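In: task: produce atomic coordinates for the following.
(chains A and B)
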Amino acid sequence: MELSIVDSIIDAHKSRTWALISILQDIQKHDGYLSQEVIRRVAEKMEIPLTRLYEVATFYRTLNLIPQGRHNITVCAGTACHVRGSNRILNELTNFLNVEPGGTTEDGEFTLSVVNCLGACAIGPVVVLDGKYHGKMTSPKVKDLLIKCRSKA
Amino acid sequence: MKRLESIQDLDKLREAIIKKNEAFERTVTLCGGTGWRAYGSESLSNIFKDKLQAKDMDEKIRLIFSGCHGFCEQGPLVVIRPEGILYCKVTEDDIDSIISETLINGKVIESLLYEDPITGDKITYEKDIPFYKAQKRIIFGQNGSLDPTKIEDYISIGGYTALGKVLSGMNADEVINEVKEAGLRGRGGGGFPTWQKWSSCRKARGNEKYLICNCDEGDPGAYMDRSILEGNPHLVLEGMLIGAYAIGSEEGYIYVRHEYPWAWENAGIAIEQARELGLLGENILGSGLNFDVDISRGGGAFVCGESTALVASLEGRAGEPRDKQHLHTVDSGLWEKPTNLNNVETWANVPFIINNGAEWYSEIGTPLSKGTKIFSLVGKVKNTGLVEVPMGISLKEIVYDIGGGTPDGTEIKAVQTGGPSGGCIPSGLLDIPVDFDELTKAGSMMGSGGMIVMDQKTCMVDVAKYFIKFLEGESCGKCLPCREGLKRMDEILTDITEGHGKMGSIDLLEELALVMTDASLCGLGKTAPNSVLSTLRYFRDEYIAHVEEKKCPAGVCTSLITYTINEEACTGCGACKKNCPYEAIEGERKKKHRIIAEKCQKCGICYEVCKFDAVEVS
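Out: From the prediction side, this is the model:
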């Protein structure tokens, strides 16, 4: 990622510390993760000790320090989804993709994530594939979804 | 729009907007809450707009793409006013007929009406739907009447009149006193009297004071705060403005979860519009009041809902809480300055209290819990959605009269309130009134308003394990009781659900829970064992069944259950065999199927796909 983009994002937020998480999130939008180079640049430009920035980047769940897959599939693990069987869906995905939550498949195709709650409880269990919500999911349906996504690629 | 220099300017603008709106024959509101927006209701709104334009009807019909209406189960919803007709589960294909039949010919379309599941009657009007009838929608009611991205919509329904009232005739003490007399208590979970916080922050030393609106709604299964900020952001801003006037603050922040994109987008738009009109910034409405608000996005850490952790996060640090016993946020919060933090729903209550008076407000609710509360009614319930009810209503009324009971009509086992810090209330206690103190007495808490309905197929040990696992992942790790306690509890609960539990395990769980309650640093750790304590209190026999009989009575814990196919019910359709990922089902088409126990991994897919309830769990 071009470091000038990092600079412009920091400038857009006027380098304000209360916007630090937003800044990191906006930077992350470009590559899906925060590389070491990027983190160093933010620390330097915002005059934040590198150790503290690393602490922040590892503390918050929405920030990634490792490269992500081409597609992201997120299972909502909110209580409403849980009592409607989201666990079975997650198990199915872990088996089918052969990857643990938070991990990326060997071919770099899918990253499997879990989110605490998306607040779309009425349509639970919810699975989000590349930003698109899929409600009332079942294990067979989620498998079809992945197969379709793969064949498109 | 032109900057407003005085309250009179604001009144004139309101009159002009109302006059303009009166020219419309009808208003069509389309619900754009997150649930349905995620499903494409935005494109539905665009198609509607295009079709109205094509028919030259856009000057007669006012189209509002609103926030969440609460009745998520029946969405996407369309409401046609002035009649108040409600159409449910509207799709793209229905738009033409809504325009031609209802908007042009004034006819009601039967097939789109809500059908009462008990009587089978079709209900035409929104006001007659049982789901809405038992509610008292003060805060949430406005959501259906406005487009959150248009400040003029909010102004037209009386928005910013409470601010005008405060600026033109009340001093700071009078405002705080009004909130005191109203009896408003914090809606974020603690139930602390709002006026007391305001008053302490006002009296705190220093000229720089900060206001924070907490929209880091981390409780899984709860989405009321998001729906207020997303569907009516100006209401929250107006509440904050009144707070700023009373406390003497010039700077505020709205801390929003990153996972709520529409909430922070809409709040951002609202702030820009308010600044343009001079409702935020310097010398607001010519009164001399200076106040501005910015948005800060959270990073997905549950602990940041705790005030001191949130402050740390706003300061650009990891969200670790600090001890509050000796230093309160109202004295030393953000950047060590006096800081007043309230939750979204609390701020949203303020304009109503000012406009209608403390007396009106305090008539709603119970002696110690005033006003209404919004709950997110989810789980095994027919009418999933957001409900706003007066405090003091019974849980039974909420889950049965409004929620319609469980989807398959079976008995409710428990209702979980208060999020991960709350507890499970058994069906036998559903008559208790819902208020801050009664829920605490029952071993749970009000929390921010999550209400998860559980039926007989929900395992209470699994529920406790779910919350403990959740909190284990979310514990910031600063203090030992929480960090280690949750880990050990998770291990014990996992043992129990996997059939390795011993009788001593239950006692050890209880002991650990009490130590954590006493010794943890912040609210997260202190309340973390509640799910274990409340399920042990009411559902101890389920724990014992797991430990002694190695059985999961609800049929959830995979290590303790077996799936079998009831040959009498099996039609031989083959759906289970086709979907089984482990080739653990045998049987020819149209003949009885059988599960091969050695191969079965208990994934439960056969149970999910069988349309004839032939797959049984024991």
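In: tell me where the model's unsure across chain A.
Out: Along chain A, segments meeting pLDDT under 70 span A:153.
In: and the helices in it?
Out: A:3-12, A:20-31, A:36-46, A:50-59, A:79-83, A:86-97, A:139-152 (DSSP state H).
In: please list the residues of the stretch 501-618 of chain B that sit near chain A.
Out: B:579, B:581, B:603-605, B:608-609 (Cβ under 8 Å from any Cβ of the partner chain). The C-beta positions use only the backbone N, C-alpha and C, and glycine is treated the same way.
In: where's the nearest residue in space to residue B:557 that is not next to it in sequence relative to chain A, distance?
Out: Using Cβ to Cβ, 6 or more residues apart in numbering or on different chains and skipping the chain neighbours, the partner closest in space to residue B:557 is residue B:497 (4.3 Å). Distance, residue B:497 to chain A, using Cβ to the nearest Cβ, to the nearest Å: 12 Å.
In: which SS state does residue B:211 fall under?
Out: strand (DSSP: H, G, I helix; E, B strand; the rest coil).
In: what's the most buried one of the helices of chain A?
Out: Most buried of those, by mean neighbour count (mean count of other Cβ atoms under 10 Å in any protein chain shown): helix A:79-83, with a mean of 29.
In: in a markdown table, list the helices of chain A along with distance to chain B.
Out: As requested, the helices of chain A are exported to a markdown table (distance: least, Cβ to the nearest Cβ, whole Å):
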| stretch | distance to chain B |
| --- | --- |
| helix A:3-12 | 12 |
| helix A:20-31 | 4 |
| helix A:36-46 | 8 |
| helix A:50-59 | 4 |
| helix A:79-83 | 4 |
| helix A:86-97 | 5 |
| helix A:139-152 | 5 |
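In: tabulate those helices (a markdown table), appending distance to residue B:173.
Out: Listed next are the helices of chain A as a markdown table, based on distance: least, Cβ to Cβ, whole Å:
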| stretch | distance to residue B:173 |
| --- | --- |
| helix A:3-12 | 41 |
| helix A:20-31 | 37 |
| helix A:36-46 | 41 |
| helix A:50-59 | 40 |
| helix A:79-83 | 42 |
| helix A:86-97 | 50 |
| helix A:139-152 | 58 |
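In: who wins for proximity to residue B:26 among the ones you listed?
Out: Closest to residue B:26 of those is helix A:79-83 (Cβ to Cβ; 35.3 Å).
In: report all helices and strands that that closest one contacts.
Out: strand B:372-379, strand B:450-455, helix B:460-474 (3 or more Cβ pairs under 8 Å, 6 or more residues apart in numbering or on different chains; DSSP states H and E).
In: out of those, which is the most enclosed?
Out: When these are compared using mean count of other Cβ under 10 Å, strand B:372-379 is most buried, at a mean of 29.
In: that strand pairs with which strands?
Out: strand B:385-390 (antiparallel), strand B:450-455 (parallel) (DSSP bridges).
In: my guess is residue A:23 contacts residue A:10. True?
Out: Yes. At 5.8 Å, residue A:23 counts as touching residue A:10 under the criterion of Cβ atoms under 8 Å.
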